[in-house]
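> Next come a sequence and a model predicted from it.
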Amino acid sequence: MHHGFGVVGFDIGLPAPLAVASIHLTPYSADKAVAEADFAASRAYRHGPYCIIGGDINYPPAAGPDPAWDRMRPYNRGARTLLTDPALGQQNTPVPDRRVAWKLAANGLIDMAWHLYQQTGDETLLRRTGDDDRIDQLLVSAPFAPAIVSYAVLDTPPDAADHDGLVGVVDTDLIDTSQLWAYR
């Protein structure tokens with residue numbers, strides 16, 4: 001990992017340990033970040049199907065509002081967009097590079113904010129966590145989907161960091177324990 005990764009396991013009474021991972025993916029290359037996301041997911045699943053991953057993903061989520069292109073610095077715009085024909089000039093609308101989020105989803109991880117948004121329609125769940133996009137995300141493995149209770153962006157105190165914090169709440173009694181499997 002370019003910036004950092006850590007995972008810790010907890011015994012919270014599930015049939016296998018709960019892995020909680022903090023990640024900070026490289027902001028310089030979506031290709032490298034896709035590989036880092038894949039690695040983080042495989043390590044988070046090391047002890048079974050129960051994992052939570054949170055951190056600075058540095059790329060747009062799989063779904064939701066487009067980034068605020070007018071506020072995005074050129075180097076972030078270059079890293080976070082798909083290549084399109086520059087000869088199109090002003091007609092060349094940026095296309096968010098969502099491959100990192102798609103890789104996390106392919107690993108069975110669910111974006112807590114998007115999951116709750118789909119249930120409630122509450123657009124505040126999709127707020128930007130940085131100046132220009134929702135690049136910080138909380139993801140859970142599938143057994144946690146029915147247990148997601150709430151998600152919020154923490155924006156106080158103002159300017160405490162360059163990104164807002166996140167908090168997600170799950171009801172451990174609602175975690176699906178019917179599909180236990182072992183890593184191999």
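Noted; the coordinates are in hand.

> Enumerate the positions of stretch 159-173 that are buried.
163, 164, 166, 168, 170 (16 or more other CB atoms under 10 Å). Heads up, the C-betas are built off the backbone N, CA and C, glycines and all.

> Quick check: the fourth one is in a helix.
No. The assignment for residue 168, made by DSSP: H, G, I helix; E, B strand; the rest coil, is strand rather than a helix.

> That one touches residue 147, doesn't it?
No. With contacts counted by CB atoms under 8 Å, residue 168 stays clear of residue 147, the gap being 10.2 Å.

> Wait, residue 79 touches residue 27, no?
Yes. Here residue 79 lies in contact with residue 27, judged by CB under 8 Å, at a distance of 5.9 Å.

> Between those two, which contacts overlap?
residue 58 (CB atoms under 8 Å, 6 or more residues apart in numbering).

> So, low pLDDT: which residues of this protein?
Filtered on pLDDT under 70, the chain yields the residue ranges 89-91.

> That one: helices as residue ranges?
Taking DSSP state H to define them, one finds helices in the chain at 30-44, 74-80, 99-106, 112-120.

> right, and these - which one's nearest residue 63?
Evaluated with CB to CB, those place helix 112-120 nearest to residue 63, the distance being 5.5 Å.

> Excluding chain neighbours, what is closest to the most centrally placed residue in the chain?
The chain has residue 137 as the residue nearest its centroid, 3.4 Å off, counting by CA atoms, centre = their mean. Ranked by CB to CB, 6 or more residues apart in numbering and with sequence neighbours excluded, the top spatial neighbour of residue 137 is residue 57, at 5.0 Å.
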